[in-house]
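S.K.: 3D model of this:
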Amino acid sequence: MLFAVVVGALTWSAPAQAHGSVVGPASRAYHCWERWGNDHMNPAMQTEDPMCWQAFQANPDTMWNWMSALRDGLGGQFQAQTPNGTLCSNNLSRNASLNKPGQWKTTTVGNNFSVHVHDQASHGADYFTAYVSKQGFDPKTQTLGWGNLDLITQTGRFGPATDYTFNVSTSGYTGHHVLFVIWQASHLDQAYMWCSDVNFG
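M.R.: As a prediction, the model looks like this:
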């Protein structure tokens, strides 16, 4: 009976751990989970998708919990609380593999595109802030720092929902860039940060 009660409590508490991520253009962890989650033991990943391979080798939980890259209580002090080189992991040591430069798979976008955030727990957003890495920054060889980013947009508030979409308008970018998005959730002072790799066609 006690075992059943404990299992029931664990099952009940699981949804509270669900949050969200940028699913389009896919964040690094979400891409690796979406592409390889059901096939993560496939040795072909090492050659076909080496950055996901190194991420799975470092810590598979980074992908299994692609929706949980959050930190509490930053009070909007994102830059002060997130050192250069740790932006893609949201300064979470368990997700450090996401900071590594290399041949991350990209999503092709134009100058104007939409960002899609999936929110499993319908927290709402005080705002989203989106940056693009500067022209000349090379995600294949450089780790991302605040000085490598151009601020593109900051949205207004979104009410609770499972999906949010906002538009991004850019110009002058070509090739592989990092889209860096911050989500300030509304239900608590929780900040999520993600890197998505895009190719401006």
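
S.K.: per-residue confidence averaged over whichever strand or helix holds Asp197?
M.R.: Using DSSP states H and E, Asp197 sits within strand 190-200. Strand 190-200 shows a mean pLDDT of 96.

S.K.: Please apply the same query to stretch 59-73.
M.R.: With pLDDT averaged residue by residue, stretch 59-73 scores 93.

S.K.: Check stretch 154-169 too.
M.R.: Model confidence over stretch 154-169, given as mean pLDDT, is 96.

S.K.: can you check stretch 120-131 too?
M.R.: Across stretch 120-131, pLDDT averages out at 93.

S.K.: In that stretch, which residues are buried?
M.R.: Residues Ala121, His123, Gly124, Ala125, Asp126, Tyr127, Phe128, Thr129, Ala130, Tyr131 are the ones in stretch 120-131 that count as buried (16 or more other C-beta atoms under 10 Å). All C-beta spots, glycine's among them, are computed from the backbone N, C-alpha and C.

S.K.: what's the neighbour count on Asn167?
M.R.: Asn167 is flanked by 11 other residues according to other C-beta atoms under 10 Å.

S.K.: And for Leu149?
M.R.: Neighbour tally, Leu149, other C-beta under 10 Å: 19.

S.K.: Which residue comes closest to it once chain neighbours are left out?
M.R.: Spatially, and ignoring its direct neighbours in sequence, Leu149 is nearest to Tyr131 (4.0 Å; C-beta to C-beta, 6 or more residues apart in numbering).

S.K.: Surely that neighbour and Phe180 touch.
M.R.: Yes - assessed by C-beta atoms under 8 Å, Tyr131 is found in contact with Phe180 at 4.4 Å.

S.K.: All set, thanks.
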